[in-house]
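[1] can't give you the sequence, but here's the structure:
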């Protein structure tokens, strides 16, 4: 019996070893970041994802990142060098890396590249992004329910579709529960400028906004709300990261990016040699967008309503840009009964009704 | 014993040339110390920061690519600096040059004419000169300080670039992202070496170094400007025009910065975006001074500055140091240079302490 058991154990071990079949050397995976990792924000979320992915493939992969890589001519050298250093999977996580990534990808067919937030892909270049607007809509609903002044303030970086989409989704969410609601926008023309972001937030608060949020990279806006909370009753919604650490009282909720699951899934495909290209625009359903935990200050009925909406979005039963979508000038952009198409969302260059500011005209 | 600095009877020629070397040496030493304090092996740090950027042909080609705009801007600035014309705004002139040349590329996007590139380069130079002409005019007409006006115009130039790429020049097929169309092949500078990114802008830069040397050492206007810079009163007494110095100094800087700008967008960048330059116009001032405002010096100092940029990337990648390490080294270099320059006009002497 004993020998039999041993033989069985041996056989089991052998199959286990065969199944695991550890590759000779760990696969090197590189990340290019546009800003320092810091402790909150766009790059921080990607770095959380990188860590999660590295932990998931412990021993099979090693990862490395380079932060603060300028989006100009230098990016190409850094991406190329990363590839030449033996990184066989490379994630470039800012829009400005699109053309450099494409140029390098064309010359190095054995390396797989992934570019976040762009629109050019190739045989060895996948693209990915998240449906930030889904979280925004839910944040807007909370804002609409809880605002006393009916005014929300939005500190935004640049009028590109990704940002405009967020503003419009927030406004639609807010207006859906509060017909008097309006969203005011201040553009700071920078992705990261805590000073300007703070100033913009303070201006919006002074103009009567008691709900504020941001599409910029720092924690300044949430901190500004926290500071004014006692005096003005200002509430905040965080973006990129959960910033409740910076706005323990003022933060009601937020829209959080989660890249880890995507990184794990994609890297697995490449490692298993099953990768056939990636063009992912993932939302709540895919776990790429999460509602930041709602604070105790959000009334139970509102929490319930938002949870319900979240579930409908997840199930594909509700679209934040479900028709009728009417822009500021009263022009109907999506007819009743239809959802806005991805390509229409990706070229959004107008405000919907509910946004009080005028769209920056070129 | 006290260390005392005594004025020299005349500036030391030897120290003029030794000072930058001393500064570079001190920067290396402090760098080793810095690596040590940050918990890195100093020798490994040195190897990664200063030697990796030269490890193979591709890397060396990248250094020349990086040094090209620095060389162009620095040689243009040195002409003005020699005459005490302080153009701090090469960065802005670079951007406007890129816009002017880029406009030609976008306006004639279907052209395959061999004259397209020369026209773009010319437009780049003219654009840079026009931007530099504003502080020159304000200085000669209203005696406004060109340091301030040229610097402030950098921010204006940045906003103009931002407005154009977000607005009228935005690529219509680019999903509203802030960048222009990619330039056509005919509007892109040819590469000098296949497999690298070095393009013929390097030849413009080397040509500019030669032209700069000829101008400063062989032309009468260059001589006048040098005199005006070294001894303003002597220059005035000899009847040399200060206004001409200002105009020529500013325009030379603007033209070269403009060429650097169009060479970047028609070279490694390939389109106009908001991120044309990581501050070449500012770094070029350090390059010009470390190079002693001489074209030969600038050739070497621009390559050194390129190493500091690329070395910083290497230090991030292999030593996990923060990206600001490049800026720290640039700052140390300038700091030590200014310190070492004291020895040009002063002589250190040990004197006995009085009882």
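    That came in fine, so what should we check first? All figures in this text were calculated on a predicted structure; none of them were measured in a lab.

[2] the closest residue to residue A:135 other than its chain neighbours in helix, strand or coil?
    Spatially, and ignoring its direct neighbours in sequence, residue A:135 is nearest to residue A:255 (3.0 Å; CB to CB, 6 or more residues apart in numbering or on different chains). For glycine as for every other residue, the C-beta is placed from the backbone atoms N, C-alpha and C. Following DSSP: H, G, I helix; E, B strand; the rest coil, we place residue A:255 in the strand state.

[3] list the buried residues of stretch B:154-171.
    B:154, B:157-158, B:160-162, B:164-166, B:169-171 (16 or more other CB atoms under 10 Å in any protein chain shown).

[4] what's the answer for stretch B:321-330, then?
    For stretch B:321-330, by 16+ other CB under 10 Å, it's B:321-323, B:325-326, B:328-330.

[5] filter the buried residues of stretch B:154-171 by proximity to chain A?
    Among these, proximity to chain A is found for B:162, B:166, B:170 (CB under 8 Å from any CB of the partner chain).

[6] I'd like to know which elements the helix or strand hosting the first one is packed against.
    Okay, so that is residue B:162. Here residue B:162 sits within helix B:146-166, counting by DSSP states H and E. Helices and strands touching helix B:146-166, as assessed by 3 or more CB pairs under 8 Å, 6 or more residues apart in numbering or on different chains; DSSP states H and E, comprise helix B:90-107, helix B:116-142, helix B:242-264.

[7] so which of those helices comes closest to chain A?
    Of all the helices and strands packed on helix B:146-166, it is helix B:242-264 that lies closest to chain A, at 6.3 Å by CB to the nearest CB.

[8] which other helices and strands does the following helix or strand past the closest one contact?
    Toward the C-terminal end, the helix or strand that comes next after helix B:242-264 (DSSP H and E) is helix B:280-290. When contacts are defined as 3+ CB pairs under 8 Å, 6+ apart, helix B:280-290 packs onto helix B:13-37, helix B:57-82, helix B:90-107, helix B:242-264, helix B:295-319, helix B:325-340.

[9] tell me what angle the shortest one forms with helix B:295-319.
    Angle of helix B:325-340 versus helix B:295-319, following axes from the mean of the first three to the mean of the last three CA atoms, to 10 degrees, is 140 degrees.

[10] what's the mean pLDDT across helix B:325-340?
    Average pLDDT, helix B:325-340: 90.

[11] after it, next one along is what?
    Helix B:325-340 is succeeded, C-terminally, by helix B:342-345 (DSSP H and E).

[12] and stretch B:58-69, what's buried?
    Per 16+ other CB under 10 Å, stretch B:58-69 contains these buried residues: B:58-69.

[13] then stretch A:91-110?
    A:91-105, A:108.

[14] check the burial of residue 82 by counting its neighbours.
    Looking at chain A here, since you left the chain open. 26 (other CB atoms under 10 Å in any protein chain shown).

[15] meant chain B, my bad for not saying
    23.

[16] skipping adjacent residues, who's closest to it in space?
    Spatial nearest neighbour of residue B:82, chain neighbours left out: residue B:229 (4.9 Å); criterion: CB to CB, 6+ apart.

[17] closest point of the stretch 51-200 of chain B to chain A, which residue?
    Counting by CB to the nearest CB, the stretch 51-200 of chain B gets nearest chain A through residue B:167, at 3.1 Å.

[18] got the contact list for residue 82?
    Assuming you mean chain A. Neighbour list for residue A:82: A:30, A:32, A:64, A:66, A:90, B:317 [criterion: CB atoms under 8 Å, 6 or more residues apart in numbering or on different chains].

[19] actually, chain B is the one I wanted.
    B:216, B:225-226, B:229, B:249, B:293 are the contacts of residue B:82 under CB under 8 Å, 6+ apart.

[20] now, those residues that are in helices?
    Per DSSP state H, helices hold the following members of those: B:216, B:225-226, B:229, B:249.

[21] looking at those residues, which is nearest chain A?
    Nearest to chain A among the ones in helices among the contacts of residue B:82: residue B:249, at 28.4 Å, using CB to the nearest CB.

[22] that closest one: how many residues sit nearby?
    By other CB under 10 Å, neighbour count at residue B:249 equals 29.

[23] these two touch, right, it and residue B:78?
    No. Taking CB atoms under 8 Å as the definition, residue B:249 is not a contact partner of residue B:78, at 9.5 Å.

[24] what bridges to the residue nearest to residue A:135?
    residue A:239, residue A:291 (DSSP bridges).

[25] pretty sure residue A:213 belongs to a strand, no?
    Yes. When three-state DSSP is applied, residue A:213 is found to be in a strand.

[26] surely it touches residue A:154?
    Yes. The pair residue A:213 / residue A:154 is scored as a contact, 5.8 Å apart, by CB under 8 Å.

[27] so those two - more neighbours on which side?
    Counted by other CB under 10 Å, residue A:213 and residue A:154 do not tie: residue A:213 has more neighbours, with 34 against 28.

[28] would you mind measuring from the more buried one to chain B?
    21 Å (CB to the nearest CB, to the nearest Å).

[29] and the closest residue to that residue other than its chain neighbours, what helix or strand is that in?
    Distance criterion CB to CB, 6+ apart; nearest residue to residue A:213, sequence neighbours excluded, is residue A:237 at 3.9 Å. If you go by DSSP H and E, residue A:237 is part of strand A:235-240.

[30] which other residues reach that strand?
    Residues from elsewhere that reach strand A:235-240, judged by CB under 8 Å, 6+ apart: A:40-42, A:44-45, A:139, A:142-143, A:146, A:166, A:210-217, A:219, A:221-222, A:224-226, A:229, A:243-244, A:246-247, A:250-257, A:292, A:297.
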